[in-house]
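Trainee: next comes the sequence, and after it the predicted model I'd like to discuss.
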Protein chains: 4
Amino acid sequence: MMRTLGVNISSLGPGWIDLEFDHHEDFTQQHGFTHAGAIATALDSACGYAAFSLMPDNAAVLTVEYKINLLRPAKAARYLASAIVIKPGRNLTVCTATASPTDNRDQAIAVITATLMTVVGRDIKH
Amino acid sequence: MMRTLGVNISSLGPGWIDLEFDHHEDFTQQHGFTHAGAIATALDSACGYAAFSLMPDNAAVLTVEYKINLLRPAKAARYLASAIVIKPGRNLTVCTATASPTDNRDQAIAVITATLMTVVGRDIKH
Amino acid sequence: MMRTLGVNISSLGPGWIDLEFDHHEDFTQQHGFTHAGAIATALDSACGYAAFSLMPDNAAVLTVEYKINLLRPAKAARYLASAIVIKPGRNLTVCTATASPTDNRDQAIAVITATLMTVVGRDIKH
Amino acid sequence: MMRTLGVNISSLGPGWIDLEFDHHEDFTQQHGFTHAGAIATALDSACGYAAFSLMPDNAAVLTVEYKINLLRPAKAARYLASAIVIKPGRNLTVCTATASPTDNRDQAIAVITATLMTVVGRDIKH
């Protein structure tokens, strides 16, 4: 889905990542702004990548749950989604991420807190 | 975005709605399952429609925030997203919604709680 | 803390529980209503008990996270907190719970969704 | 309830506040640690005060919803709850807050995101 949304990695390190993505007319809401679903998806993915960066080599990452607050109308042409791990863990990792216009990073449009699970081997059931 | 995801209305009434949508290869995650972003988007929209159904004629609806728990792998061909209003309000409405395979409604794959705002006129700022 | 709040078990079974507790003047907010903190605590505990009822004998339960929506002013004399497991799991269990006046169960004052972790042995770190 | 929990204001300014509170044996969980309910209550209150600091003189503040992640066992003797407004608004304000041991602020034990409502006059219904 990241390819469909046109999300790409801007920069990353252990426990954090910056993703960027463009507004796209296929992902708009009723007022023509970027749909919250696209923003939530990018933020969820950013949290997943940030958590994954601290996991063992043989691990996969699953989102257990997240909560998003939509703060401002999403009417930018391009967005930055910045995620950081706030608590790594063997089983569970907690991340936060913020989406903002790439040219106006002080005006966050959404903030997310996500819980992610480390999945080792083929066990991808919760 | 609802058109992009192929979401359609199955049935609806005052304070509730059932949406349906297919798995689509453009919206998959790393294991080939339906991406949580697509499911969250459908659930958020279902909550929006359910809330909107109880709002005045001249109102629009905005999602303030939501929280989603991903319960099971999303590996169905088609999904049902069922939303209900649990507390209507003049300003704020609270909804819950559940996504499940249309042919296995007992096996919910995700549950959401959302807070939505009634917006009257052109004032779509929070 | 359950003793301090005067919470007691009304009825219970595998995967669900009903708790009851009185309004107490030590746990009020600025308008004299029952403080959201007392209600959240009772709801969190109800989710914990409901989840615990499905766990192995040697397990303990930890709350990973919860989200609460406060729906109406909490001005009853006595409350019911009803929790159910919506997804049991080996590691993680998801519950929802609702608080309402015991004499007016249709008027929910708060709803919670909680993720709880099964902890086996002495490992109570996340 | 803040008096019952022994919460006091450490420092504050427009849009932020630091509260402190002691572990108290009346508010413990099954392992003797500080109960999540006490921590959540302090964090919710911190968010309320931070939001209230930016509201008009005649306004009251109500918590609409919050979400808390419990990150580490709460086994300190004294805690700091630090809240900031991340998005002020005429109707709705979004805050985040973190609880940590006062002598170890890098080891957050809980993080919360809260939505608060400005209530003017006597209208304290949602």
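Mentor: On my side now, so go ahead. Numbers count the residues shown, from 1 in each chain, chains lettered A, B, ... in the order given.
Trainee: the residue nearest in space to the middle of chain A: what secondary structure?
Mentor: For chain A, the residue sitting closest to the mean C-alpha position, by CA atoms, centre = their mean, is A:L43 at 2.1 Å. At A:L43 the chain is in helix, as set by DSSP: H, G, I helix; E, B strand; the rest coil.
Trainee: got the contact list for A:S45?
Mentor: When contacts are counted by CB atoms under 8 Å, 6 or more residues apart in numbering or on different chains, A:S45 is found next to A:1-2, A:7, A:19, A:81, B:37. For glycine as for every other residue, the C-beta is placed from the backbone atoms N, C-alpha and C.
Trainee: and stretch A:15-31, how far apart are its ends?
Mentor: Stretch A:15-31 has an end-to-end distance of 35 Å (criterion: CA to CA, to the nearest Å).
Trainee: ok, A:Q107 - contacts?
Mentor: Contact analysis of A:Q107 by CB under 8 Å, 6+ apart lists A:72, A:100-101.
Trainee: same question but for A:T34, I mixed them up
Mentor: A:T34 sits next to A:23-24, A:27-28, A:74-76, A:79 when contact means CB under 8 Å, 6+ apart.
Trainee: what's the pLDDT at it?
Mentor: You'll see A:T34 listed with a pLDDT of 88.
Trainee: may I have the beta-bridge partners of it?
Mentor: On the basis of DSSP bridges, A:T34 is bridged to A:T28.
Trainee: what about it, distance to A:A50?
Mentor: Distance, A:T34 to A:A50, using CB to CB, to the nearest Å: 22 Å.
Trainee: and what of A:Q29?
Mentor: A:Q29 is 26 Å from A:A50, by CB to CB.
Trainee: same question for A:T98.
Mentor: Remark: distance between A:T98 and A:A50 (CB to CB) = 12 Å.
Trainee: show me which of those two is the more surrounded one.
Mentor: Shown here are A:T98 and A:A50; by other CB atoms under 10 Å in any protein chain shown, A:A50 has more neighbours (30 against 19).
Trainee: now A:K67: which helix or strand?
Mentor: Using DSSP states H and E, A:K67 falls within strand A:59-70.
Trainee: what angle do that strand and strand D:59-70 make?
Mentor: 180 degrees (axes from the mean of the first three to the mean of the last three CA atoms, to 10 degrees).
Trainee: packing partners for the one helix or strand in chain A whose mean pLDDT sits lowest?
Mentor: Across the helices and strands of chain A, mean confidence by mean pLDDT, DSSP states H and E is lowest for helix A:2-5: a mean of 74. If you count contacts as 3 or more CB pairs under 8 Å, 6 or more residues apart in numbering or on different chains; DSSP states H and E, helix A:2-5 packs onto helix A:36-52.
Trainee: let me know the pLDDT of A:N104.
Mentor: A:N104 is assigned 93 on the pLDDT scale.
Trainee: so the residue nearest to it when sequence neighbours are not counted: helix, strand or coil?
Mentor: Of all residues not flanking A:N104 in the chain, A:A76 sits nearest, at 7.2 Å (CB to CB, 6 or more residues apart in numbering or on different chains). Taking three-state DSSP as the rule, one finds A:A76 in the coil state.
Trainee: with A:I84 instead?
Mentor: Once three-state DSSP is applied, A:I84 turns out strand.
Trainee: from D:A99, how far off is it?
Mentor: Distance, A:I84 to D:A99, using CB to CB: 18 Å.
Trainee: more crowded one of these two?
Mentor: D:A99 (30 against 17).
Trainee: that one against D:A36, yeah?
Mentor: No. Contact criterion CB atoms under 8 Å: D:A99 and D:A36 do not qualify, at 9.9 Å.
Trainee: bridging residues for the closest residue to A:A50 other than its chain neighbours?
Mentor: In this structure, A:A50 finds its nearest non-sequential neighbour in A:A83, 4.1 Å apart by CB to CB, 6+ apart. On the basis of DSSP bridges, A:A83 is bridged to A:I17, A:A97.
Trainee: you'd agree A:A83 is up against A:F52?
Mentor: No. When contacts are counted by CB under 8 Å, A:A83 is not listed as touching A:F52 (10.6 Å).
Trainee: okay, those two: which has more neighbours?
Mentor: More neighbours surround A:A83 than the other of A:A83 and A:F52, with 29 against 17 (other CB under 10 Å).
Trainee: what are the bridge partners for the residue nearest to A:E65 when sequence neighbours are not counted, then?
Mentor: Closest residue to A:E65 in three dimensions, ignoring its sequence neighbours and counting by CB to CB, 6+ apart: B:N69, at 4.3 Å. Under DSSP bridges, the beta-bridge partners of B:N69 are A:E65, B:V111.
Trainee: give me the pLDDT value at the nearest residue to A:S53 once chain neighbours are set aside.
Mentor: Excluding the flanking residues, the one nearest A:S53 by CB to CB, 6+ apart is A:P14, at 5.4 Å. pLDDT for A:P14: 98.
Trainee: neighbours around A:P14, how many?
Mentor: A:P14 - counted by other CB under 10 Å - has 10 other residues nearby.
Trainee: next: A:H31.
Mentor: Other residues close to A:H31 by other CB under 10 Å number 12.
Trainee: make sure it is indeed in a helix.
Mentor: No. Counting by three-state DSSP, A:H31 is not found in a helix; it is coil.
Trainee: can I assume it is in contact with B:V61?
Mentor: No. Between A:H31 and B:V61 there is no contact under CB under 8 Å: 11.0 Å.
Trainee: what's the separation between A:V85 and D:E65?
Mentor: 24 Å.
Trainee: so between those two, which is more surrounded?
Mentor: Set A:V85 next to D:E65 and count neighbours by other CB under 10 Å: D:E65 wins out with 29 against 21.
Trainee: beta partners of A:F21?
Mentor: With DSSP bridges as the rule, A:F21 is bridged to A:Y79.
Trainee: next one: it relative to chain B, how far apart?
Mentor: Per CB to the nearest CB, to the nearest Å, A:F21 is found 12 Å from chain B.
Trainee: and chain A, which residues reach chain B?
Mentor: A:1, A:4-5, A:26-31, A:35-38, A:40-41, A:44-45, A:60, A:62-73, A:124-126 (CB under 8 Å from any CB of the partner chain).
Trainee: now which of the residues you listed would you call buried?
Mentor: Buried by 16 or more other CB atoms under 10 Å in any protein chain shown: A:1, A:4-5, A:27-29, A:35-38, A:40-41, A:44-45, A:60, A:62-73, A:126, out of the residues of chain A next to chain B.
Trainee: in chain A, where is pLDDT below threshold?
Mentor: Counting by pLDDT under 70, chain A contains low-confidence ranges at A:122-126.
Trainee: run the last query once more with 90
Mentor: A:1-7, A:23-37, A:121-126 (pLDDT under 90).
Trainee: what parts of it come near chain C?
Mentor: Applying CB under 8 Å from any CB, we find that chain A lies next to chain C at A:64-65, A:67, A:87, A:89, A:91-92, A:94, A:115, A:117, A:125-126.
Trainee: before we move on, back to that, tabulate the contacts of A:Q107 (CSV), appending secondary structure.
Mentor: Shown next, in CSV, are the contacts of A:Q107 (three-state DSSP):
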residue, secondary structure
A:R72, coil
A:S100, strand
A:P101, strand
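Trainee: restricting to those, which residues neighbour chain D?
Mentor: Within the set of the contacts of A:Q107, contact with chain D (CB under 8 Å from any CB) is found for A:R72.
Trainee: for the contacts of A:Q107, could you give me a markdown table that also reports distance to C:R105?
Mentor: Converted to a markdown table, the contacts of A:Q107 look like this (distance: CB to CB, whole Å):
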| residue | distance to C:R105 |
| --- | --- |
| A:R72 | 38 |
| A:S100 | 43 |
| A:P101 | 46 |
